[in-house]
Each structure stands twice: as structure tokens, then as C-alpha cells.
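> sequence plus the predicted model coming up.
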Amino acid sequence: MGDGIATELDGIELGDKRLNDRSRRIIETLGADPDASCNAACDGWSDTLAAYRFFDNKSVQPEDILKPHLEATKRRMQEHSVVLIAQDTTELDYSDHPPTDARCLNKEDRLGLYDHTHLAIAPNGLSLGVVGVEYFDRDAEGLGQSKERSKLPIEEKESMRWLSGYRLACELSRDCPETQIVSLADREADLYDIFMEAEKQAKEHAQLADFIIRAKIKRSIPERDLEAGPNAYKKVRDQVSQSELRATQTIELPRTPKRAARQAKLEVRAIRVTVKPPHERSSLPTVTYNVVLVEEVGGPGDGTDVSWLLITSLPIDTLEAIQRVIDYYVARWTIEVFFRVFKTGCQVEEIQLETLPRLKNCLAFYKIIAWRIMYLTYLNRECPTLPCDAMFDDCEWKSVWRVVTKKELPERPPTLSAFMKLLTQLGGYNNRKTESPPGPQPVWVGIRRMTDLATAWIVFGPDAEKTCV
């Protein structure tokens, strides 16, 4: 039988068998129609009411819902020699229908949550699972006080989430000792505290995670820049910009809302640097790390030119090692796609629950649902010959096969690749020979339609008297 989404909750322990059983029914129900409301996804008012009571149960916490998925994710991680832990933040805006205890986002009239997620990714882009979630919001009285907040210790700042994320990656490294863990983050994570943390743990001989962080701060090296003034120091970016050219490459940039598709010629440089602490924290020690600079040559100059300064603990002694740093950073885009699936595919900003605790419990299920959509999308690309019944029940693949192909069932289940083409055709994928493999959107739409077909197969199909588990 297929490896259904409810298996991600195997071993869940909510203190009551009825709650455990209900959690599996809820994730199957919501996962079958990801972008439907709870009311629409549930089978009648009794099931809807049971789901609402589950979300409101004081014994249920979002971390308990996610715990078995985390353990399953660790098992998947242990099958890989390298795993990337991407961390990023997105907004969940509930201004139109806020919970009664909702607080602010960046403005007083914008209510909701900031969602900081940690996603385990294989270097090839295969999403392995959610390994951490942190929510935060803001008090209306504290808005506009960024200067005051900047003086607080990091433990009292929102930016602490990035340091906590790196520490989480280190914990996962200790839990998966045969797997190299690399923490990935974009510009907001350019915190001196992370670099100190890495050096501290290295001195203590702890098993720690590597990191790749895109630079944001204009950091300095200890050497003075006499041409700029008596109190000026040379900048890291200038040093790497003036260093030896290590490689050139041409890449295809896909179209985005901000740019047209184009070819980009890139120059790559890399050096190791020792960095001064921030001026306002001058008593801190220096840190040493590697930097890789990727810059577009002859770009359009319209703000879309590629310019990445990547800070990393990974080696840069060979061209292969430098390219590995770039490739790993590019894989960070997977978490952006995950957020799109979570917010657009699962419509989580449309959830209407009265309190934040209820909402967070519901969101925990959708984290797993969004991951599974991502997992199926990329597993199709990496393991196309896998039999489809490893991931889908008989009633699912058989009903889709008959409806889409109009042919008799094959003697054996088709491959995952063959079945995903049929499934995503239900979701709007054209299945032309020249097209790239289907993305997440036709997967989540196809899953919704497959669920209806599978239900009809159970009730009216040739296996109607059998049980489809």
C-alpha cells in the first residue's frame, strides 16, 4: 500500500489514543484537499466540529503534532551524506479575519504571525522535512522602535531566531553523525553571533554544522585603510573583489516578477578572511571564515544583476569546492518554493480560527502537507523508476489511470514518473515532451482531484468490496 501522509504521524503521542487517532484523520482529510477550508475538506459538520475541538484541546501542542514528522525527517536525513538546513521567515497575514489574540506584523493594522521555518533539503533539491518552526509577532506599542531594540542583547531580539536556527542545525549534526549538515540562510542571518558560535563550538570540539550565509553587513578586516582615513579599515568585499579570478561561468536565469529570463555571465572569486567585530561591540574577538563572491559581468544594471557575497565555513581550496558552496546556496531557493506551497497551495492565510493556539495547531498539519507536496514533486525527478504504489494507494493510482488514459489497468503499478504525469495532468500540466517536469502547483491540484476519483473508486469501482487503506 502507498506510503500515505498519515504515516508522518506514526508514533504521535498526545496523551490520549482518541487524540492520536483524530490527528491522523485530520491530516488525511486536510491533505486530500490542501487548498480547501477546514469546513470544505471535512466530511460534514460532525467531522468539522471534531477537528475544531482537536485544535482547541489544551493537551494538543503544535510541537507535539510535528514531533513524529521530525523523527521521520531525521531518518530520511541519515540516508544522505549531506543535508542542507534552510531557514527563512515569511509573513502570515490574518488582517481580514484575525484571531482574537492576534498581534501586529510591521504595522498596527496588519495582524498575524511571522513564521520562521527550518527545512531539511538534499543538495539535489529533494525536500526531506520540516525540522523546526518558530512563530513571533509584535506589540503595537513597540512598532517603530527599531533603534531601541538594536541595543538589546541578542537573546531579546527577533534576530535571535537565526542564531537559534544555527544551533538547531548543530543539534541535528549530532543526531545524524554520519551526515554533513550545512545551515543555509539569506542576508538577514548575517549575524556576528553566529560566526562566534561556530568558532566557540569548534574550540570545544563539538560536532557542529557548517554554514553558508549571504552577506548583508559591510564588514571590515583588522588592517587599516590609510587612503580612506586614519580610523578606516579595509572592507571584506573589497578584498575579495581584488583577489584572483577563480572561475567564469554562464548560467540561465529564469524569469521572475522583477526580471525577464536571460543568460548571465558570472565571475567567481574566493578568499579566507579574518573579520573585525562590529564597531559597537569592539570588545569581541575577531572571527575567521571563507567568502565566495559571485558577480554578474555586463548585466542590465537594473537592480537584478547577480551579486552574491557568500560567507561559509566550507572549504574553498579547489574550484570544485567553490562550486559546491554556490550550488548549496542555490538550493536555498527550495524553502521559498515551500512557502509558496504552504501559503498558496494550502491557503493557510484563509484559515479562520478564533485563537492563536488553535491556529498554530492547524498550521502544524499544513506544514507536513506542504512538505509532502514538495517531496512528491522532487521525488518524481530524482527517483522516476520507483513504483508508484510506494507513495499512492491502489484506489488512487488505479482511478487516475483509468480516468486519464481511458485504458485498462496495467498488470503492475506504473513508475512514479509515469503516474505523476497522469496525476499532474489532472492539475493542469500539459505533459508535452518539451516541458520540464511538473512543479508543485499541478501536484496539489491533482491530489485534490485524485481524492474524489479514489473515493468514487472505493464506492463504485471494481474493488468496491475491498478495503482501500
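Yep, that arrived. Residues are numbered from 1 along each chain as shown.
> after the lengthiest strand in the chain comes which helix or strand?
In the chain, with assignment by DSSP state E, the single longest strand is strand 262-275. Downstream of strand 262-275, the first helix or strand assigned by DSSP states H and E is strand 287-297.
> can you list contacts of that next one?
Strand 287-297 has contacts (Cβ atoms under 8 Å, 6 or more residues apart in numbering) with 192, 195-196, 198-199, 215, 236-237, 240-241, 248, 264-275, 277, 305-316, 322, 325-326. All C-beta atoms are positioned from the backbone trio N, CA, C, and that covers glycine.
> quick one: the helices in the stretch 351-469 of the chain, in order.
Remark: helices assigned in the stretch 351-469 of the chain by DSSP state H, counting those that start in this stretch are 356-382, 394-405, 416-426, 440-460.
> tell me the strands beside the longest strand of the chain, with direction?
With DSSP bridges as the test, strand 262-275 is paired with strand 247-253 (antiparallel), strand 287-297 (antiparallel).
> which ones are touching the closest residue to R281 other than its chain neighbours?
Nearest non-adjacent residue to R281, counting by Cβ to Cβ, 6 or more residues apart in numbering: Y192, 7.0 Å away. By Cβ under 8 Å, 6+ apart, the contact set of Y192 is P277, P278, R281, L284, V287.
> what would those residues look like in a markdown table with neighbour count?
Output for the contacts of Y192, formatted as a markdown table (neighbours: other Cβ atoms under 10 Å):
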| residue | neighbour count |
| --- | --- |
| P277 | 17 |
| P278 | 13 |
| R281 | 11 |
| L284 | 12 |
| V287 | 20 |
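> state the distance from N380 to L184.
Noted for N380: a distance of 23 Å to L184, by Cβ to Cβ, to the nearest Å.
> picking that back up, reformat the helices of the stretch 351-469 of the chain as TSV; add mean pLDDT.
Below are the helices of the stretch 351-469 of the chain laid out as TSV (pLDDT from 0 to 100):
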stretch	mean pLDDT
helix 356-382	94
helix 394-405	93
helix 416-426	92
helix 440-460	88
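> dump the ones you listed to TSV, plus mean neighbour count.
Converted to TSV, the helices of the stretch 351-469 of the chain look like this (neighbours: other Cβ under 10 Å):
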stretch	mean neighbour count
helix 356-382	23
helix 394-405	21
helix 416-426	22
helix 440-460	19
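> which parts of this protein are strands?
82-93, 103-104, 111-121, 127-136, 180-185, 210-214, 220-224, 233-235, 247-253, 262-275, 287-297, 307-312.
> need the winner for burial among these.
The highest mean neighbour count among the strands of the chain, using mean count of other Cβ atoms under 10 Å, belongs to strand 180-185: a mean of 25.
> angle of it against strand 210-214?
20 degrees (axes from the mean of the first three to the mean of the last three Cα atoms, to 10 degrees).
> show me what strand 180-185 is packed up against.
strand 82-93, helix 160-175, strand 210-214, helix 319-330 (3 or more Cβ pairs under 8 Å, 6 or more residues apart in numbering; DSSP states H and E).
> please list the residues outside the last one that contact it.
So that's helix 319-330. Contacts of helix 319-330 (Cβ under 8 Å, 6+ apart): 84, 123, 182, 184, 212, 214, 246-247, 268, 270, 290, 292, 294, 308, 310, 312, 314-316.
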